[in-house]
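Q: Need the 3D shape of this:
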Amino acid sequence: MIEIRPFDRLGHADHGWLDARHHFSFADYHDPARMNWGALRVWNDDMIAPGTGFGAHPHRNMEIITYIREGAITHQDSLGNTGRTEAGDVQVMSAGTGIRHSEYNRENVATRLFQIWILPDRAGHAPSWGTRAFPKAERAGQFVVLASGRPDDGDALPIHADARVLGATIGKGETATYHLGMERLGYLVVAKGAVEIEGQTVRERDGAAISATGELSVRALADAEVVLVDTVA
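A: Okay, here's the model as predicted:
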């Protein structure tokens with residue numbers, strides 16, 4: 001089963017320096033029907049203007065994954081971590097018992113990103129942060145695990161949740177498949193291009209809430225880049 005959530009129907013907040021779309025209830029956007037999708041609590045589609053960003057602020061007990069679509073983001077936190085994550089790459093912050101961080105666009109172009117929050121498997125994990133580059137060639141025509149709570153997921157950035165974050169680049173006319181499992185939930189957003197899932201078209205920056213699907217098949221209607229969260233129901 002699949003429910004398309006069109007980009008133009010998402011929650012919207014334009015703060016000037018930040019133009020945000022919300023797939024789920026967040027800040028001043030509240031929809032009781034869209035509080036979460038399993039353990040997936042937040043998926044924000046953010047545009048951050050050059051030279052601006054989020055000042056230092058706290059989080060607790062949340063796994064926060066940032067997927068950079070365009071530009072780059074510069075991170076700094078209360079653990080002493082600093083780093084810059086570029087387009088196509090991912091950073092993970094496990095807020096755990098508490099962390100303060102800032103995220104700035106130090107570039108001379110707008111940064112566009114997906115900010116994904118996943119509920120942890122329990123409260124009280126030690127806070128942490130990490131980032132890494134994922135070569136785009138690895139994602140050609142297949143889903144690659146970018147962040148995961150499964151210990152056997154190798155090079156994926158670790159999170160404290162029964163969930164995976166995956167990415168794929170799919171050439172026009174090609175199909176990428178992923179074994180989701182009937183008991184799991186998937187949420188897919190098209191970062192670029194357009195795809196077809198179960199006979200329905202999912203356009204750029206649309207969301208697709210997926211359930212009761214053993215094998216997920218995604219066919220590209222144009223050269224496409226997609227991000228998928230696989231989560232416990």
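
Q: Flag the shaky bits of the protein, pLDDT-wise.
A: Scanning the chain for pLDDT under 70 picks out no residues.

Q: Find the centremost residue of it, please.
A: In the chain, the centroid-proximal residue (Cα atoms, centre = their mean) is Ile116; its distance is 4.2 Å.

Q: From Leu166, how far off is that residue?
A: Noted for Ile116: a distance of 11 Å to Leu166, by Cβ to Cβ, to the nearest Å. For glycine as for every other residue, the C-beta is placed from the backbone atoms N, C-alpha and C.

Q: overlap in contacts of these two?
A: Common contact partners of Ile116 and Leu166 (Cβ atoms under 8 Å, 6 or more residues apart in numbering): Val227, Val229.

Q: correct me, but Val229 touches Tyr187?
A: Yes. If you go by Cβ atoms under 8 Å, Val229 and Tyr187 touch, sitting 4.8 Å apart.

Q: which residues are common contacts for these two?
A: Common neighbours of Val229 and Tyr187 (Cβ under 8 Å, 6+ apart) are Trp37, Leu40, Trp43.

Q: Throw these into JSON lines and include neighbour count, thanks.
A: Formatted as JSON lines, the shared contacts of Val229 and Tyr187 follow (neighbours: other Cβ atoms under 10 Å):
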{"residue": "Trp37", "neighbour count": "22"}
{"residue": "Leu40", "neighbour count": "24"}
{"residue": "Trp43", "neighbour count": "27"}
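
Q: now the residues you listed as JSON lines including distance to Val145 and secondary structure?
A: Formatted as JSON lines, these follow (distance: Cβ to Cβ, whole Å; DSSP: H, G, I helix; E, B strand; the rest coil):
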{"residue": "Trp37", "distance to Val145": "19", "secondary structure": "strand"}
{"residue": "Leu40", "distance to Val145": "16", "secondary structure": "strand"}
{"residue": "Trp43", "distance to Val145": "18", "secondary structure": "strand"}
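
Q: which of the residues you listed lies closest to Leu10?
A: Closest to Leu10 out of these is Trp43 (9.2 Å), distances taken as Cβ to Cβ.

Q: Specify the beta-bridge partners of the closest one.
A: Taking DSSP bridges as the rule, Trp43 bridges to Ile116.

Q: residues touching it, list them.
A: By Cβ under 8 Å, 6+ apart, the neighbours of Trp43 are His22, His23, Phe24, Phe114, Gln115, Ile116, Trp117, Tyr187, Val189, Gly207, Val229.

Q: my guess is Ile118 meets Val232, correct?
A: No. Using Cβ under 8 Å, Ile118 is not in contact with Val232; the gap is 9.8 Å.

Q: More neighbours: those two, which one.
A: Ile118 (29 against 16; other Cβ atoms under 10 Å).
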